[in-house]
Structures are given as structure tokens and as C-alpha cells.
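Visitor: one predicted model, sequence on top.
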Amino acid sequence: MEPEGVNRPSGANALAQRFTMQGRRALVTGASLSIGRAIALAFADAGAELALQYAGSADTGLQHADAASELSRELQQRAVVHHLIEADFSQRGAGSRTVAEAQRRMGGVDVLVVCASVQQREAFTEIACESMQRQIRINFEASVELLQAVVPGMRERGWGRILTIGSINQTRPDPELAIYAALKSAQHNLALNLARQLAPFGVTVNNLSPGLVATARNQWRRVDQKQWQSITHDANPMHRAGTPEEMTGAALLLCSDAGSFITGNDLQATGGAQL
């Protein structure tokens, strides 16, 4: 269903216009840093109104305490309508409250990108219950809350895009990320389930699985550049890490009219690491 007041041109620009997000209202979680930030900026360039969830404590822990305000300033300079929503997904109900706030500010949510997540590197036999429960809460339970809150409106309007950000760990789990990897697999399974349920209503659900990407979360690995070069060389056939911006083309495809016949897909953006 087209948003009111939006006219899609025909002719030479018709293909490009299928990638527009003009008139769409997008909620991006984990939007203040790295992949979430890059996707938010790409959606802004495509014309979307944005609700941007972030967790200040998480940004501070990654030594980027001002990440959300810096993103907001950049969007203001571009004259992009956007709304910052601070929410700690370790708190039960935070996902539902985030959607409710986004709907209040924008009048609805047409696009949801589930990007917020945490990971804890530890040997399997050393995994503490507290660490496991925190990852379950943020990486899966909060996602269920977000989806339960956003699906009814999309289904009623007959148009919606849901994109979950997965990981190559779904199929090639890192031994030190056992819980994270298992939860990404669970999230992918949930996306597949919903894709089938929602397809008759014009709502697509897809998963984007990045490989090794240079993000704020793994900045500690780049302190030793020699070690980082070794890691990136062995990560995939391209022998390099991806950038957050390299995830945005796939996200735009799957969240615009260009992806109208794509649902239940797991798009591997890994530099060939899945091969």
C-alpha cells in the first residue's frame, strides 16, 4: 500500500524509485553505532522518517557515550525528521514500550530493523547464568516484544518490512560466542516463522547476516593492527573485514518496495565466508 501523497514515477527513474523510502516510517534498534547507524543514515538518504532506539549505557561501555547525540546532529544537518528513543532492552517490556513510543511520535511503524544485540566472549564451560540471561533478554526476548507490538499495525495497513540483523554465527558459530550464536539462530527461525504467517498481508520478513564487520563492538581487536590483519585475512575469501556501510544496500533492498517479492530470506553479507 502506498503512503498518502507519494507518487511513484514511471520511465527511466522507475527502478531507482523502487528503492525510495519516502513516506515510510522506520524504527531501527541499536541505531546509534556501527551497522544500525549506517542503516539509519541510508534510510534517511532514501527519505524515511526515523525512530532510533539506543541504549546510553551500552554506548558508554563501548566508549562512545555521545553516539546518539552525534547521530542526531548529523540527521539535523540533513533536515531528516527523526526521533531518539533511549531504551534498555535488558529491562522486560522495553521492546514493547519502544514500539509504542515510535508509533506515538510517527503515527505508525512501516519498517522495523532489529539490530540491537549484545555478545559475551567466554568459554562454554565458563558461561555464567547472569551472562546467559542478559543475552537471552536483549537478543531474543526483546525482539519478540518488538515484533509482537509492530506486526498488528503492518498487517492492518497491508504493507510492512521487518529486517532482523543476524550473524554468520548462525551457521558458523564462534566457540567463544556459543550463546550469542544460538540466539541468532533462534531469531532467524522466528523470522522464517513470521515470514510465512505475514506474507498474505503484504508484510515481508527477512534476515541479514553480516560476517566480520569493523564495528565499535570489535574495536578492541583493532588495537593490534598486525593481529587484526591476520584475523581479517582468514575471515573470508576477500581477506578483509566489511564496513557497516556495506550492509546498507542489502537493508535498503529488503526494506523498500524493491524487495516486495522477497520474504523469508537470509542474506549472507560475509565477503564469502559462508562458502
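Guide: Okay, I see it. Residues are numbered from 1 along each chain as shown.
Visitor: going forward, measure contacts and count neighbours with C-alpha atoms only.
Guide: Fine.
Visitor: and the pLDDT for Ala14?
Guide: The model reports Ala14 with a pLDDT of 87.
Visitor: so what's the closest residue in space to Gly242 that isn't next to it in sequence up against?
Guide: Nearest residue to Gly242, sequence neighbours excluded (C-alpha to C-alpha, 6 or more residues apart in numbering): Val213, at 4.4 Å. Applying C-alpha atoms under 8 Å, 6 or more residues apart in numbering, we find Val213 in contact with Ala241, Gly242, Thr243, Pro244.
Visitor: ok, so of these, who is nearest Val205?
Guide: Taking C-alpha to C-alpha as the measure, Pro244 is the one of the contacts of Val213 closest to Val205, at 20.9 Å.
Visitor: please report the distance of that closest one from Gln229.
Guide: 18 Å (C-alpha to C-alpha, to the nearest Å).
Visitor: put the alpha carbons of the host helix or strand of His83 into CSV.
Guide: Counting by DSSP states H and E, the element that carries His83 is strand 82-86. Extracted in CSV, the C-alpha atoms of strand 82-86 (Å, rounded to 0.1, in the frame of the first residue of the first chain):
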residue,chain,number,x,y,z
HIS,A,82,13.9,11.7,13.4
HIS,A,83,13.2,10.7,17.0
LEU,A,84,15.7,9.4,19.5
ILE,A,85,14.3,6.7,21.9
GLU,A,86,16.5,5.6,24.7
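Visitor: show residues contacting it.
Guide: Strand 82-86 is contacted from outside by 49-56, 68, 72, 75, 98, 101-102, 105, using C-alpha under 8 Å, 6+ apart.
Visitor: these: which two are farthest apart?
Guide: Based on C-alpha to C-alpha, the longest span within the contacts of strand 82-86 runs between Glu49 and Gly56 and measures 21.7 Å.
Visitor: secondary structure class for Asn169?
Guide: helix (DSSP: H, G, I helix; E, B strand; the rest coil).
Visitor: pull the contacting residues for it.
Guide: Applying C-alpha under 8 Å, 6+ apart, we find Asn169 in contact with Tyr180, Ala181, Lys184, Ser185.
Visitor: and the helices in this structure, which stretches?
Guide: With DSSP state H as the criterion, the chain has helices at 14-17, 34-45, 56-61, 67-77, 94-106, 129-136, 142-157, 178-198, 225-235, 248-255.
Visitor: in CSV: the ones you listed, plus distance to Leu275 and mean neighbour count.
Guide: CSV is the format used below for those (distance: least, C-alpha to C-alpha, whole Å; neighbours: other C-alpha atoms under 10 Å):
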stretch, distance to Leu275, mean neighbour count
helix 14-17, 31, 13
helix 34-45, 23, 23
helix 56-61, 33, 15
helix 67-77, 35, 16
helix 94-106, 35, 20
helix 129-136, 28, 15
helix 142-157, 29, 19
helix 178-198, 18, 19
helix 225-235, 11, 14
helix 248-255, 19, 20
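Visitor: in contact with the most centrally placed residue in the chain, which residues?
Guide: When the chain is reduced to its mean C-alpha position, the nearest residue by C-alpha atoms, centre = their mean turns out to be Cys115, at 2.9 Å. Residues in contact with Cys115 (C-alpha under 8 Å, 6+ apart) are Val28, Thr29, Gly30, Ala31, Ile35, Gly36, Thr164, Ile165.
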